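Trainee: what shape does this take:
(one chain, ligands or ions: 1)
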Amino acid sequence: MANVLEVKDLCVSYGKVEALHNANLSVGEGQIVTVIGPNGAGKTTLLSAIMGVLPSTGEVAFDGAVERVPEVERMVARGMNLVPEKRELFGEMSVEDNLVLGAFQRYRMGQRDHGQTMEEVYALFPRLKERRTQMAGTLSGGERQMLAVGRALMARPKLLMLDEPSLGLAPLIVREIFRIIGELRKRGVSILLVEQNARAALQVADHAYVLETGEVAMSGPAHELADDPRVIETYLGLGGKHQDRLANV
Ligand SMILES: Nc1ncnc2c1ncn2[C@@H]1O[C@H](COP(=O)(O)OP(=O)(O)OP(=O)(O)O)[C@@H](O)[C@H]1O
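Mentor: Numbers count the residues shown, from 1 in each chain. Sure, this is the predicted structure:
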């Protein structure tokens with residue numbers, strides 16, 4: 001299986017503080033890969049550097065081509081998209097206008113298929129269609145997350161990166177978001193998922209990385225990490241994946 005993303009020795013510093021140290025990671029075509037780890041481990045930094053939002057050293061190879069200096073507009077045009085933790089919607093604009101903006105880069109390149117793409121997004125999120133004329137700022141937390149994912153899908157990405165999609169959402173909505181992530185894989189979208197909800201992330205993912213203090217501390221097939229005693233103790237609670245009390249999906 002070809003890799004859609006290969007990250008080699010990626011380093012990011014904020015001034016003198018190195019937030020990411022020699023991170024190596026890959027995402028196979030059509031795979032869901034998750035990065036779990038505690039607050040401040042460097043997960044958001046990792047996604048931002050891959051996307052070209054933050055300067056980094058090392059190498060990012062996307063869809064067969066190496067980007068020594070990833071640059072965000074170019075990455076979007078090439079088929080990479082990031083749903084940031086803060087969602088970053090335009091609150092004073094309608095749901096539909098937010099979606100249209102997600103297709104901006106394709107439109108600029110002469111691809112005028114946003115009408116059809118929007119219907120596909122609405123099919124995935126009927127709730128967004130119901131609310132299409134509503135201002136994004138008036139949506140619930142779950143609807144906002146759906147809109148942020150829908151907007152990213154408007155760019156028809158090959159690789160979708162999601163930063164904490166379940167953050168702050170009620171369990172039922174979290175379940176819905178993870179169902180959609182699984183559905184996107186069926187449609188051929190590769191996914192790099194950063195999550196603090198390690199249990200749900202390891203359930204949906206094919207492969208997983210544990211990031212701790214800026215370094216990849218562990219990696220492997222997601223089901224193997226879900227059974228690893230250290231992952232169970234640190235990220236899944238003492239009872240591990242069989243402890244229903246802790247399960248929130
Ligand atoms: N703009 C910044 N300036 C300085 N330090 C930063 C900046 N952004 C993040 N950091 C630091 O870099 C480290 C990694 O942060 P990052 O946000 O990537 O971690 P994270 O794993 O995504 O955590 P969280 O889940 O809390 O978002 C942390 O120590 C953080 O304090």
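Trainee: domain boundaries for this structure, per the record?
Mentor: For the chain, the structural domains run 3-79+157-246, 90-156, going by automatic domain parsing.
Trainee: JSON lines please, covering those and showing mean neighbour count and distance to the ligand.
Mentor: Just so you know, the C-beta spots here come from the backbone N, C-alpha and C atoms, and that holds for glycine as well. Formatted as JSON lines, the domains of the chain follow (neighbours: other CB atoms under 10 Å; distance: least, CB to the nearest ligand atom, whole Å):
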{"stretch": "domain 3-79+157-246", "mean neighbour count": "18", "distance to the ligand": "3"}
{"stretch": "domain 90-156", "mean neighbour count": "17", "distance to the ligand": "16"}
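Trainee: tabulate those (JSON lines), appending mean pLDDT.
Mentor: As requested, these are exported to JSON lines (pLDDT from 0 to 100):
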{"stretch": "domain 3-79+157-246", "mean pLDDT": "91"}
{"stretch": "domain 90-156", "mean pLDDT": "90"}
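Trainee: beta partners for the spatially most central residue of the chain?
Mentor: For the chain, Leu162 is the residue whose C-alpha lies nearest the centre (CA atoms, centre = their mean; 1.4 Å). With DSSP bridges as the criterion, Leu162 is bridged to Val83, Leu193.
Trainee: isn't it right next to Leu193, touching?
Mentor: Yes. Between Leu162 and Leu193 a contact is recorded at 5.0 Å, counting by CB atoms under 8 Å.
Trainee: anything in contact with each of those two?
Mentor: In terms of CB atoms under 8 Å, 6 or more residues apart in numbering, Leu162 and Leu193 are both contacted by the residues Ile181.
Trainee: for this protein, what spans make up the strands?
Mentor: Under the criterion DSSP state E, strands of the chain are mapped to 3-14, 17-28, 32-36, 57-62, 65-67, 80-83, 159-163, 190-195, 207-212, 215-221.
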